[in-house]
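Asks: Turn this into a structure:
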Amino acid sequence: MNVLPALTTDPALSGSWWKHLFEASADAQVVCRSDGIVEQINPKASRLFHLDRTRDEGSFSVFNIVSRPADIKLAALLTRGLSRAENVHSVRIPRAGGLHSFVDLELVPLGGGHMLLTFKEASSRLRLESHVQRLVTAIDATPDSFYITDSEMRITFVNPAFQTATGYNIEEVLGRTDEFLREPTEMEKVGAYRQIVAGGQEWMGELANRHRSGALYHVEVTISPICDIAGRFIGYVACERDVTLRKQLQNELRVKSDFIQSILKSLDSAIYSLDRDFCLTHANDGWRTMPPEHGGVRSNRLTPAKRGS
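Replies: The predicted structure follows:
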């Protein structure tokens, strides 16, 4: 009963090393028949499920460990038989005191109607998935446009703000490179930031984009490379913020300022402003026609040579 069925049928697995792996595994493992009866239990499974290997091997059912609804899926898999490894995620396992924990169950066929069941701790996976879900939720909620590319710089992900800002839906952009977003005059910048991020560096700047409707809009862009654990470039993530309104306001203020300055400079009268310390802050050209001291204000018209003396 303590010999794994696969070891007796497969000469390649007849060595004791397979048994050592089973015994030394950091994960709880059992070997069971298609009816769920456990024939072998490794030390980690014995501790985790409070089993006595001498007493329970050959008589204990794996269904005493697995709670619903995972037990139904497991029963179907065992009855049908497996041709390859299968996984059942987030299986609830009863604990002492009415508590439960979650594991990921991996099933590997061993031949002869037997299977190796590995119970992997699911808490780290669930924490990672929760973290990723929160990240995706945050990206979906931001008003800035986000998109991610693969190593060929083809778009693989966009957030809802991207679709709103560009006018393109997700089906229209996946698999495309991002130059279709840009004004033709921006192609030199496109080539520059692709080269920079492919080299592992971040690029920041402004770009002119074309909405799907043809409308021009301007964006501030931050493009950051994504690399794998070996440092290989596997894509980039781009964040774009629409600054069209800000640029329009800046241009309007510049035009108004130039207009005001042109009026002030055309006047013969001196127009100037002082700060609270009565220091001159602004003046038009009419100041030059006034005496150095007038109205309680004195100007120091020093030449560059006198300033140095």
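
Asks: Give me the phi and psi for G58.
Replies: Listed backbone geometry of G58 is phi 100, psi -10, with angles given as degrees, to the nearest 10.

Asks: hang on, V197 packs against P225?
Replies: Yes - if you go by CB atoms under 8 Å, V197 and P225 touch, sitting 4.5 Å apart. In this view, the C-beta of every residue, glycine as well, is placed from N, C-alpha and C.

Asks: what do those two both touch?
Replies: Common neighbours of V197 and P225 (criterion: CB atoms under 8 Å, 6 or more residues apart in numbering): F233, Y236.

Asks: Between those two, point out the one with more neighbours.
Replies: Under the neighbour definition other CB atoms under 10 Å, V197 and P225 were set side by side, and V197 has more, 22 against 17.

Asks: At which residues are the strands of the stretch 151-300 of the chain located?
Replies: 155-158, 203-210, 216-227, 233-242, 272-274, 280-283, 293-294, 297-298 (DSSP state E, counting those that start in this stretch).

Asks: what's the closest of those to A28?
Replies: Each of the strands of the stretch 151-300 of the chain was checked against A28 via CB to CB, and the shortest separation belongs to strand 233-242, namely 34.2 Å.

Asks: Parallel or antiparallel, list what pairs with that closest one.
Replies: When pairing is defined by DSSP bridges, strand 233-242 lines up against strand 145-149 (antiparallel), strand 216-227 (antiparallel).

Asks: to the chain's geometric centre, what's the distance from the first one?
Replies: Read it as strand 145-149. Relative to the centre of its chain, strand 145-149 is centred 9 Å away, using CA atoms, centre = their mean, to the nearest Å.

Asks: got the angle for that strand vs strand 203-210?
Replies: Strand 145-149 and strand 203-210 meet at an angle of 110 degrees, taking axes from the mean of the first three to the mean of the last three CA atoms, to 10 degrees as the criterion.

Asks: what do you get for the longest one?
Replies: With the same axes, to 10 degrees as the criterion, the two stretches strand 216-227 and strand 203-210 enclose an angle of 140 degrees.

Asks: what sits up against strand 216-227?
Replies: Contacts of strand 216-227 with the rest of the structure, by CB under 8 Å, 6+ apart, involve 145, 148, 165, 183, 193, 196-211, 233-244, 247.

Asks: Also stretch 105-114?
Replies: 4-6, 8-10, 31-34, 39, 66, 70, 74, 77, 81-89, 91, 115-120.

Asks: Mark which of those residues are buried, thanks.
Replies: 4-6, 31-34, 39, 66, 70, 74, 77, 86, 88, 91, 115-120 (16 or more other CB atoms under 10 Å).

Asks: can you give me the helices in this structure?
Replies: For the chain, the helices identified by DSSP state H occupy 5-9, 16-24, 43-48, 53-56, 70-80, 123-141, 160-166, 170-173, 187-198, 244-266, 304-308, in order along the chain.

Asks: List just the one of those helices that sits closest to E152.
Replies: When the helices of the chain are compared by CB to CB, helix 187-198 sits nearest E152, at 10.6 Å.

Asks: Give me the helices and strands touching that closest one, please.
Replies: strand 203-210, strand 216-227, strand 233-242 (3 or more CB pairs under 8 Å, 6 or more residues apart in numbering; DSSP states H and E).

Asks: any chance of these in CSV, plus mean pLDDT and distance to V136?
Replies: Output for these, formatted as CSV (pLDDT from 0 to 100; distance: least, CB to CB, whole Å):
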stretch, mean pLDDT, distance to V136
strand 203-210, 96, 24
strand 216-227, 95, 15
strand 233-242, 95, 13
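
Asks: Pick the most buried one from the helices of the chain.
Replies: The highest mean neighbour count among these, using mean count of other CB atoms under 10 Å, belongs to helix 160-166: a mean of 19.

Asks: who does that one touch, helix- and strand-wise?
Replies: strand 145-149, helix 170-173, strand 233-242.

Asks: quick check: domain ranges of the chain?
Replies: Under the assignment named as automatic domain parsing, the residue ranges that make up the domains of the chain are 5-126, 134-245, 267-309.

Asks: can you tell which of the ones you listed is closest to R254?
Replies: Between R254 and the domains of the chain, the tightest spacing by CB to CB is seen for domain 134-245, at 14.9 Å.
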